[in-house]
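1. Structural data only, the sequence is not supplied:
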(Lines give C-alpha, C1' and ligand atoms only; values in the text may rest on other atoms or scores of the structure.)
Protein backbone atom coordinates (compact mmCIF):
# COMPACT_ATOMS: atom_id res chain seq x y z
CA UNK A 1 0.00 0.00 0.00
CA UNK A 2 2.92 2.37 0.71
CA UNK A 3 4.08 2.00 -2.89
CA UNK A 4 0.50 2.47 -4.12
CA UNK A 5 0.13 5.67 -2.07
CA UNK A 6 3.60 6.79 -3.21
CA UNK A 7 4.66 7.58 0.36
CA UNK A 8 8.19 8.89 0.93
CA UNK A 9 10.95 6.77 2.45
CA UNK A 10 10.69 6.13 6.17
CA UNK A 11 13.55 6.87 8.57
CA UNK A 12 11.56 7.23 11.81
CA UNK A 13 11.02 4.70 14.59
CA UNK A 14 7.26 5.28 14.57
CA UNK A 15 6.93 5.91 10.87
CA UNK A 16 5.57 2.46 10.09
CA UNK A 17 2.65 3.04 12.49
CA UNK A 18 1.65 6.19 10.65
CA UNK A 19 2.00 4.37 7.31
CA UNK A 20 -0.19 1.53 8.60
CA UNK A 21 -2.80 4.05 9.73
CA UNK A 22 -2.76 5.75 6.33
CA UNK A 23 -3.07 2.39 4.59
CA UNK A 24 -5.95 1.34 6.86
CA UNK A 25 -7.81 4.60 6.26
CA UNK A 26 -7.41 4.28 2.50
CA UNK A 27 -8.64 0.68 2.54
CA UNK A 28 -11.71 1.79 4.52
CA UNK A 29 -12.30 4.66 2.11
CA UNK A 30 -12.02 2.24 -0.80
CA UNK A 31 -14.46 -0.25 0.74
CA UNK A 32 -16.91 2.52 1.66
CA UNK A 33 -16.71 4.02 -1.83
CA UNK A 34 -17.51 0.63 -3.38
CA UNK A 35 -20.25 -0.12 -0.83
CA UNK A 36 -22.02 3.22 -1.10
CA UNK A 37 -21.73 3.15 -4.91
CA UNK A 38 -23.35 -0.28 -5.03
CA UNK A 39 -26.10 0.91 -2.65
CA UNK A 40 -26.63 4.06 -4.74
CA UNK A 41 -27.03 2.23 -8.05
CA UNK A 42 -29.13 -0.48 -6.40
CA UNK A 43 -31.48 2.22 -5.07
CA UNK A 44 -31.73 3.85 -8.50
CA UNK A 45 -32.61 0.48 -10.05
CA UNK A 46 -35.02 -0.71 -7.34
CA UNK A 47 -36.95 2.55 -7.07
CA UNK A 48 -36.96 3.42 -10.77
CA UNK A 49 -40.06 5.10 -12.13
CA UNK A 50 -41.09 2.20 -14.38
CA UNK A 51 -41.19 -0.13 -11.36
CA UNK A 52 -42.82 2.43 -9.04
CA UNK A 53 -45.25 4.55 -11.11
CA UNK A 54 -47.01 5.79 -7.98
CA UNK A 55 -45.07 7.43 -5.16
CA UNK A 56 -44.84 5.39 -1.96
CA UNK A 57 -44.87 7.62 1.10
CA UNK A 58 -44.38 4.76 3.57
CA UNK A 59 -40.67 4.42 2.83
CA UNK A 60 -38.39 1.55 3.76
CA UNK A 61 -39.84 -0.64 6.52
CA UNK A 62 -36.82 -2.86 7.17
CA UNK A 63 -34.01 -1.87 9.53
CA UNK A 64 -31.20 -2.99 7.21
CA UNK A 65 -29.95 0.53 6.50
CA UNK A 66 -30.11 1.40 10.19
CA UNK A 67 -27.99 -1.60 11.15
CA UNK A 68 -25.54 -0.76 8.40
CA UNK A 69 -25.17 2.77 9.76
CA UNK A 70 -24.77 1.46 13.32
CA UNK A 71 -22.10 -1.00 12.15
CA UNK A 72 -20.28 1.81 10.34
CA UNK A 73 -20.35 4.07 13.40
CA UNK A 74 -19.11 1.18 15.57
CA UNK A 75 -16.28 0.45 13.15
CA UNK A 76 -15.23 4.10 12.97
CA UNK A 77 -15.31 4.30 16.77
CA UNK A 78 -12.95 1.32 16.96
CA UNK A 79 -10.69 2.96 14.37
CA UNK A 80 -10.62 6.18 16.39
CA UNK A 81 -10.18 4.72 19.89
CA UNK A 82 -8.00 1.70 19.12
CA UNK A 83 -5.74 3.17 16.45
CA UNK A 84 -5.88 6.95 15.93
CA UNK A 85 -6.08 8.17 19.53
CA UNK A 86 -3.26 5.92 20.89
CA UNK A 87 -1.04 7.00 17.98
CA UNK A 88 -1.90 10.64 18.64
CA UNK A 89 -1.25 10.26 22.38
CA UNK A 90 2.14 8.68 21.68
CA UNK A 91 3.19 11.67 19.59
CA UNK A 92 1.71 14.40 21.77
CA UNK A 93 1.66 13.10 25.36
CA UNK A 94 4.34 10.43 25.72
CA UNK A 95 7.43 12.58 25.18
CA UNK A 96 10.86 10.99 25.74
CA UNK A 97 13.02 12.09 28.66
CA UNK A 98 14.92 15.31 27.91
CA UNK A 99 18.20 13.96 29.29
CA UNK A 100 18.04 11.11 26.76
CA UNK A 101 17.15 13.33 23.80
CA UNK A 102 18.64 15.90 21.45
CA UNK A 103 17.00 19.24 22.18
CA UNK A 104 16.75 22.03 19.58
CA UNK A 105 14.64 25.05 18.84
CA UNK A 106 13.44 25.82 15.32
CA UNK A 107 12.07 29.30 14.58
CA UNK A 108 10.33 29.81 11.26
CA UNK A 109 10.16 33.03 9.28
CA UNK A 110 9.35 34.02 5.75
CA UNK A 111 11.13 32.18 4.24
CA UNK A 112 13.62 30.17 6.30
CA UNK A 113 14.03 27.82 9.26
CA UNK A 114 16.42 29.02 12.00
CA UNK A 115 17.78 26.15 14.09
CA UNK A 116 19.02 26.90 17.60
CA UNK A 117 21.21 24.38 19.51
CA UNK A 118 21.85 24.92 23.25
CA UNK A 119 25.57 24.11 23.02
CA UNK A 120 27.73 22.14 25.46
CA UNK A 121 26.02 23.45 28.61
CA UNK A 122 22.64 22.21 27.37
CA UNK A 123 21.02 25.58 28.13
CA UNK A 124 19.41 27.85 25.59
CA UNK A 125 20.73 31.38 25.79
CA UNK A 126 18.60 34.49 26.10
CA UNK A 127 16.99 35.93 22.98
CA UNK A 128 15.61 39.41 22.47
CA UNK A 129 13.44 40.71 19.66
CA UNK A 130 15.36 43.99 19.67
CA UNK A 131 18.55 42.13 18.75
CA UNK A 132 17.12 40.53 15.59
CA UNK A 133 19.09 41.41 12.46
CA UNK A 134 20.19 39.83 9.19
CA UNK A 135 23.20 38.32 10.97
CA UNK A 136 21.22 37.40 14.09
CA UNK A 137 17.88 36.04 12.83
CA UNK A 138 16.56 34.90 16.24
CA UNK A 139 17.97 37.80 18.28
CA UNK A 140 20.32 35.75 20.47
CA UNK A 141 22.12 37.74 23.16
CA UNK A 142 25.76 36.66 22.98
CA UNK A 143 26.49 38.62 26.15
CA UNK A 144 24.33 36.16 28.06
CA UNK A 145 26.44 33.43 29.70
CA UNK A 146 24.17 30.60 28.51
CA UNK A 147 24.20 31.94 24.92
CA UNK A 148 27.95 32.04 24.38
CA UNK A 149 28.16 28.41 23.23
CA UNK A 150 24.80 28.29 21.41
CA UNK A 151 24.96 27.21 17.76
CA UNK A 152 22.67 28.70 15.11
CA UNK A 153 22.16 27.26 11.63
CA UNK A 154 19.90 28.27 8.78
CA UNK A 155 17.81 25.67 6.93
CA UNK A 156 20.08 22.92 8.25
CA UNK A 157 19.23 20.48 11.04
CA UNK A 158 21.97 18.09 12.17
CA UNK A 159 20.87 15.33 14.57
CA UNK A 160 22.30 12.00 15.79
CA UNK A 161 20.70 8.70 14.79
CA UNK A 162 18.91 6.32 17.22
CA UNK A 163 18.25 9.10 19.70
CA UNK A 164 14.94 10.96 20.27
CA UNK A 165 14.85 14.54 19.01
CA UNK A 166 12.68 17.10 20.79
CA UNK A 167 12.02 20.27 18.82
CA UNK A 168 10.56 23.44 20.33
CA UNK A 169 8.89 25.07 17.37
CA UNK A 170 8.07 28.75 17.00
CA UNK A 171 7.56 31.48 14.40
CA UNK A 172 8.71 35.09 14.02
CA UNK A 173 5.90 36.26 11.77
CA UNK A 174 3.00 34.12 10.50
CA UNK A 175 1.75 30.56 11.01
CA UNK A 176 4.11 28.06 9.41
CA UNK A 177 3.94 24.27 9.34
CA UNK A 178 7.20 22.39 9.81
CA UNK A 179 7.10 19.08 7.98
CA UNK A 180 9.62 16.21 7.92
CA UNK A 181 8.09 13.80 5.35
CA UNK A 182 10.79 11.13 5.67
CA UNK A 183 10.58 11.27 9.47
CA UNK A 184 6.75 11.28 9.48
CA UNK A 185 6.60 14.36 11.70
CA UNK A 186 4.71 17.62 11.19
CA UNK A 187 3.54 20.46 13.40
CA UNK A 188 2.31 24.02 13.04
CA UNK A 189 4.52 26.89 14.21
CA UNK A 190 2.64 29.69 15.97
CA UNK A 191 3.96 33.24 16.52
CA UNK A 192 4.70 33.90 20.18
CA UNK A 193 4.66 30.23 21.22
CA UNK A 194 7.18 27.38 21.47
CA UNK A 195 5.35 24.15 20.71
CA UNK A 196 7.13 20.82 21.32
CA UNK A 197 7.23 17.98 18.81
CA UNK A 198 9.43 14.89 18.69
CA UNK A 199 10.57 11.92 16.61
CA UNK A 200 13.33 9.33 16.69
CA UNK A 201 15.44 8.80 13.54
CA UNK A 202 16.61 5.23 13.02
CA UNK A 203 18.55 5.68 9.77
CA UNK A 204 21.40 8.00 8.89
CA UNK A 205 21.10 10.31 5.90
CA UNK A 206 23.60 8.11 4.05
CA UNK A 207 21.44 5.03 4.65
CA UNK A 208 18.37 6.87 3.38
CA UNK A 209 20.37 8.17 0.43
CA UNK A 210 21.35 4.60 -0.48
CA UNK A 211 17.65 3.81 -0.76
CA UNK A 212 17.22 6.56 -3.36
CA UNK A 213 19.88 5.22 -5.75
CA UNK A 214 18.46 4.73 -9.23
CA UNK A 215 19.63 4.19 -12.78
CA UNK A 216 18.90 6.92 -15.27
CA UNK A 217 18.82 6.15 -18.99
CA UNK A 218 20.47 9.02 -20.88
CA UNK A 219 18.63 8.01 -24.04
CA UNK A 220 15.48 9.25 -22.27
CA UNK A 221 16.74 12.80 -22.06
CA UNK A 222 14.41 15.32 -23.73
CA UNK A 223 14.85 15.29 -27.51
CA UNK A 224 17.23 17.77 -29.12
CA UNK A 225 15.56 20.18 -31.53
CA UNK A 226 16.66 22.82 -34.00
CA UNK A 227 15.51 26.18 -32.65
CA UNK A 228 15.08 29.24 -34.87
CA UNK A 229 15.88 32.37 -32.87
CA UNK A 230 13.76 35.54 -33.26
CA UNK A 231 14.90 37.87 -36.04
CA UNK A 232 16.35 41.30 -35.39
CA UNK A 233 13.88 43.90 -36.67
CA UNK A 234 14.01 47.63 -37.23
CA UNK A 235 11.06 49.07 -35.34
CA UNK A 236 9.40 52.41 -35.80
CA UNK A 237 8.77 54.16 -32.49
CA UNK A 238 5.67 56.32 -32.11
CA UNK A 239 4.10 58.20 -29.20
CA UNK A 240 1.85 56.14 -26.94
CA UNK A 241 3.30 52.85 -28.15
CA UNK A 242 3.96 49.85 -25.95
CA UNK A 243 6.28 47.26 -27.44
CA UNK A 244 6.81 45.26 -24.25
CA UNK A 245 7.16 42.04 -26.26
CA UNK A 246 10.35 43.40 -27.83
CA UNK A 247 13.85 43.75 -26.42
CA UNK A 248 16.52 46.18 -27.63
CA UNK A 249 19.45 44.65 -29.52
CA UNK A 250 21.68 47.74 -29.31
CA UNK A 251 21.98 50.91 -27.28
CA UNK A 252 19.64 53.72 -28.29
CA UNK A 253 21.71 56.93 -28.36
CA UNK A 254 21.23 60.64 -28.97
CA UNK A 255 24.15 62.96 -29.55
CA UNK A 256 26.51 60.27 -28.34
CA UNK A 257 24.63 59.73 -25.07
CA UNK A 258 22.85 56.45 -24.27
CA UNK A 259 19.13 56.82 -23.73
CA UNK A 260 18.38 53.09 -23.41
CA UNK A 261 20.66 50.09 -23.31
CA UNK A 262 20.75 46.82 -25.20
CA UNK A 263 18.67 44.17 -23.42
CA UNK A 264 15.99 46.58 -22.14
CA UNK A 265 12.32 45.87 -22.84
CA UNK A 266 10.40 48.39 -24.94
CA UNK A 267 7.57 48.90 -22.46
CA UNK A 268 5.49 52.08 -22.35
CA UNK A 269 7.99 54.01 -20.20
CA UNK A 270 10.96 53.14 -22.42
CA UNK A 271 9.03 53.94 -25.60
CA UNK A 272 8.18 57.34 -24.09
CA UNK A 273 11.87 57.91 -23.34
CA UNK A 274 12.69 57.23 -27.00
CA UNK A 275 9.94 59.53 -28.24
CA UNK A 276 11.03 62.31 -25.87
CA UNK A 277 14.53 62.04 -27.32
CA UNK A 278 13.24 62.01 -30.92
CA UNK A 279 14.52 58.47 -31.59
CA UNK A 280 12.17 56.93 -34.14
CA UNK A 281 14.07 53.81 -35.24
CA UNK A 282 15.62 51.06 -33.09
CA UNK A 283 16.83 47.52 -33.64
CA UNK A 284 14.99 44.99 -31.50
CA UNK A 285 13.68 41.44 -31.45
CA UNK A 286 10.66 39.67 -30.05
CA UNK A 287 10.87 38.09 -26.61
CA UNK A 288 10.05 34.38 -26.54
CA UNK A 289 9.64 33.16 -22.91
CA UNK A 290 9.59 29.54 -24.11
CA UNK A 291 13.27 29.79 -25.03
CA UNK A 292 14.22 30.19 -21.36
CA UNK A 293 13.16 26.60 -20.67
CA UNK A 294 15.65 25.27 -23.25
CA UNK A 295 19.37 24.42 -22.97
CA UNK A 296 21.98 24.44 -25.70
CA UNK A 297 23.39 21.04 -26.62
CA UNK A 298 26.63 22.29 -28.17
CA UNK A 299 29.13 25.16 -27.88
CA UNK A 300 28.59 28.32 -29.94
CA UNK A 301 31.64 30.40 -30.90
CA UNK A 302 32.32 33.79 -32.38
CA UNK A 303 34.28 34.35 -35.60
CA UNK A 304 37.62 34.05 -33.78
CA UNK A 305 36.76 30.76 -32.06
CA UNK A 306 35.95 32.12 -28.61
CA UNK A 307 33.02 30.36 -26.95
CA UNK A 308 30.05 32.70 -26.68
CA UNK A 309 27.46 30.30 -25.27
CA UNK A 310 28.72 26.97 -23.93
CA UNK A 311 26.88 23.69 -24.12
CA UNK A 312 24.22 23.31 -21.41
CA UNK A 313 23.42 27.03 -21.18
CA UNK A 314 19.78 28.12 -20.74
CA UNK A 315 18.54 30.32 -23.56
CA UNK A 316 17.78 33.37 -21.44
CA UNK A 317 17.42 36.77 -23.10
CA UNK A 318 21.06 37.81 -22.63
CA UNK A 319 22.43 34.70 -24.36
CA UNK A 320 19.87 34.87 -27.17
CA UNK A 321 20.97 38.45 -27.84
CA UNK A 322 24.65 37.44 -27.85
CA UNK A 323 23.94 34.70 -30.40
CA UNK A 324 21.96 37.02 -32.68
CA UNK A 325 24.58 39.76 -32.44
CA UNK A 326 27.11 37.22 -33.73
CA UNK A 327 24.89 36.21 -36.67
CA UNK A 328 23.84 32.88 -35.14
CA UNK A 329 20.14 32.52 -35.89
CA UNK A 330 19.65 28.80 -35.25
CA UNK A 331 20.73 26.56 -32.36
CA UNK A 332 20.22 22.99 -31.18
CA UNK A 333 18.60 22.79 -27.75
CA UNK A 334 16.40 20.64 -25.52
CA UNK A 335 14.24 20.91 -22.41
CA UNK A 336 15.91 20.71 -19.00
CA UNK A 337 16.29 17.21 -17.55
CA UNK A 338 15.05 18.35 -14.10
CA UNK A 339 17.60 16.28 -12.18
CA UNK A 340 18.91 19.18 -10.10
CA UNK A 341 18.12 17.40 -6.82
CA UNK A 342 20.37 14.44 -7.64
CA UNK A 343 24.07 13.67 -7.37
CA UNK A 344 26.18 11.12 -9.26
CA UNK A 345 26.66 7.88 -7.34
CA UNK A 346 29.58 6.64 -9.45
CA UNK A 347 32.74 8.03 -10.99
CA UNK A 348 32.69 8.64 -14.76
CA UNK A 349 36.32 9.34 -15.58
CA UNK A 350 35.71 9.51 -19.34
CA UNK A 351 33.57 12.59 -18.73
CA UNK A 352 35.65 13.93 -15.80
CA UNK A 353 32.75 13.46 -13.39
CA UNK A 354 33.27 12.20 -9.85
CA UNK A 355 30.92 10.51 -7.41
CA UNK A 356 29.03 13.01 -5.27
CA UNK A 357 29.09 15.85 -7.79
CA UNK A 358 25.80 17.52 -8.70
CA UNK A 359 23.86 16.31 -11.72
CA UNK A 360 23.65 19.19 -14.19
CA UNK A 361 22.47 19.37 -17.77
CA UNK A 362 26.01 20.18 -18.84
CA UNK A 363 27.37 17.03 -17.18
CA UNK A 364 24.59 14.96 -18.78
CA UNK A 365 25.58 16.25 -22.22
CA UNK A 366 29.24 15.46 -21.47
CA UNK A 367 28.26 11.89 -20.56
CA UNK A 368 26.30 11.53 -23.80
CA UNK A 369 29.30 12.71 -25.80
CA UNK A 370 31.44 10.16 -23.93
CA UNK A 371 29.08 7.40 -25.11
CA UNK A 372 27.66 6.55 -21.68
CA UNK A 373 24.03 5.46 -21.81
CA UNK A 374 23.13 4.65 -18.18
CA UNK A 375 24.18 6.48 -15.03
CA UNK A 376 23.70 5.88 -11.31
CA UNK A 377 22.23 8.80 -9.35
CA UNK A 378 20.85 9.45 -5.85
CA UNK A 379 19.05 12.30 -4.10
CA UNK A 380 21.51 14.94 -2.91
CA UNK A 381 19.48 15.76 0.24
CA UNK A 382 17.04 12.88 0.78
CA UNK A 383 15.69 14.20 4.09
CA UNK A 384 14.23 17.69 3.95
CA UNK A 385 12.27 19.98 6.20
CA UNK A 386 9.69 22.05 4.44
CA UNK A 387 6.79 24.35 5.18
CA UNK A 388 3.43 22.71 4.55
CA UNK A 389 1.55 25.97 5.09
CA UNK A 390 0.71 28.48 2.36
CA UNK A 391 2.65 31.27 4.05
CA UNK A 392 3.31 33.53 1.07
CA UNK A 393 4.48 33.79 -2.52
CA UNK A 394 7.94 32.50 -1.55
CA UNK A 395 6.48 29.48 0.26
CA UNK A 396 8.24 26.99 -2.02
CA UNK A 397 11.60 28.46 -0.95
CA UNK A 398 11.04 27.67 2.74
CA UNK A 399 12.91 24.39 2.59
CA UNK A 400 15.92 23.05 4.43
CA UNK A 401 17.61 19.71 4.87
CA UNK A 402 18.18 17.27 7.72
CA UNK A 403 21.53 15.56 8.17
CA UNK A 404 21.15 12.46 10.36
CA UNK A 405 24.57 11.36 11.53
CA UNK A 406 26.14 8.81 13.83
CA UNK A 407 26.72 10.12 17.36
CA UNK A 408 30.44 10.41 16.63
CA UNK A 409 29.84 12.40 13.45
CA UNK A 410 27.36 14.64 15.24
CA UNK A 411 29.82 15.34 18.07
CA UNK A 412 32.54 16.25 15.56
CA UNK A 413 30.16 18.58 13.70
CA UNK A 414 29.12 20.28 16.94
CA UNK A 415 32.76 20.79 17.98
CA UNK A 416 33.47 22.39 14.58
CA UNK A 417 30.57 24.80 15.07
CA UNK A 418 31.74 25.64 18.57
CA UNK A 419 35.26 26.27 17.26
CA UNK A 420 33.81 28.70 14.70
CA UNK A 421 32.12 30.59 17.54
CA UNK A 422 35.40 30.89 19.44
CA UNK A 423 37.22 32.05 16.29
CA UNK A 424 34.60 34.74 15.63
CA UNK A 425 34.93 36.29 19.10
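-> Right, received. Where do you want to start? Computed from a prediction, not measured in an experiment: that's the story for all the values here.

2. Give me the contacts around the lowest-mean-pLDDT helix or strand in the chain.
-> The weakest-scoring helix or strand in the chain, judged by mean pLDDT, DSSP states H and E, is helix 2-5 (a mean of 72). Helix 2-5 is contacted from outside by 19, 22-23, 26, using C-beta atoms under 8 Å, 6 or more residues apart in numbering. Glycine gets a C-beta too; all of them are placed from N, C-alpha and C.

3. before we move on, what about stretch 349-367?
-> Contacting residues not belonging to stretch 349-367 are listed as 218, 221, 295, 297, 310-312, 336-337, 339-340, 342-348, 369-372, 375, 377, 380 [C-beta under 8 Å, 6+ apart].

4. so how far is the helix or strand hosting residue 378 off the chain centroid?
-> When elements are assigned from DSSP states H and E, residue 378 belongs to strand 374-379. Taking C-alpha atoms, centre = their mean, to the nearest Å, the mean C-alpha location of strand 374-379 is offset from the chain mean by 20 Å.

5. what are the pairing partners of the helix or strand following that strand, and which direction each?
-> The first helix or strand that comes after strand 374-379 along the chain, using DSSP H and E, is strand 384-387. Strand 384-387 has the following sheet partners, assigned by DSSP bridges: strand 176-180 (antiparallel), strand 399-405 (antiparallel).

6. Same list, those, but as JSON lines with mean neighbour count please.
-> Below are the strands paired with strand 384-387 laid out as JSON lines (neighbours: other C-beta atoms under 10 Å):
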{"stretch": "strand 176-180", "mean neighbour count": "23"}
{"stretch": "strand 399-405", "mean neighbour count": "20"}
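
7. where exactly do the helices run in the stretch 301-425 of the chain?
-> Taking DSSP state H, counting those that start in this stretch as the test, the helices found in the stretch 301-425 of the chain are 317-325, 361-369, 407-424.

8. and the second one, what's its mean pLDDT?
-> Rounded to a whole number, the mean pLDDT of helix 361-369 is 89.

9. can you check the first one too?
-> The predicted model gives helix 317-325 an average pLDDT of 91.

10. So residue 107 belongs to a strand, correct?
-> Yes - under DSSP: H, G, I helix; E, B strand; the rest coil, residue 107 falls within a strand.

11. so can I have JSON lines of the helices of the stretch 301-425 of the chain showing distance to residue 399 and mean neighbour count?
-> Formatted as JSON lines, these follow (distance: least, C-beta to C-beta, whole Å; neighbours: other C-beta atoms under 10 Å):
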{"stretch": "helix 317-325", "distance to residue 399": "28", "mean neighbour count": "17"}
{"stretch": "helix 361-369", "distance to residue 399": "22", "mean neighbour count": "19"}
{"stretch": "helix 407-424", "distance to residue 399": "21", "mean neighbour count": "13"}
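
12. distance of the residue lying farthest from the centre of the chain from residue 288?
-> Going by C-alpha atoms, centre = their mean, the residue of the chain most distant from its centre is residue 54, 60.4 Å out. Distance, residue 54 to residue 288, by C-beta to C-beta, to the nearest Å: 68 Å.

13. Likewise for residue 409?
-> As judged by C-beta to C-beta, residue 409 and residue 288 stand 49 Å apart.

14. which residues of the stretch 1-150 of the chain score low on pLDDT?
-> 1-2, 59 (pLDDT under 70).

15. could you pull out the strands for it?
-> Using DSSP state E, counting those that start in this stretch, the strands of the stretch 1-150 of the chain run over 102-109, 112-117.

16. Quickly run through the sheet partners of the longest one, with directions.
-> According to DSSP bridges, strand 102-109 has the following sheet partners: strand 112-117 (antiparallel), strand 165-171 (parallel).

17. Other residues contacting the last one?
-> Read it as strand 165-171. So strand 165-171 is contacted by 95-96, 98, 101-109, 159, 178, 187-201 (C-beta under 8 Å, 6+ apart).

18. Would you show me how to pick out the buried ones of the contacts of helix 2-5 in PyMOL?
-> One line in PyMOL is enough to select the buried members of these, burial here meaning 16 or more other C-beta atoms under 10 Å:
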select buried, resi 19
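
19. out of the contacts of helix 2-5, which are inside helices?
-> In helices, judged by DSSP state H, the following of these are found: 19, 22-23, 26.

20. Out of those, which is nearest to residue 384?
-> Nearest to residue 384 out of these is residue 19 (C-beta to C-beta; 18.4 Å).

21. Many thanks, have a good one.
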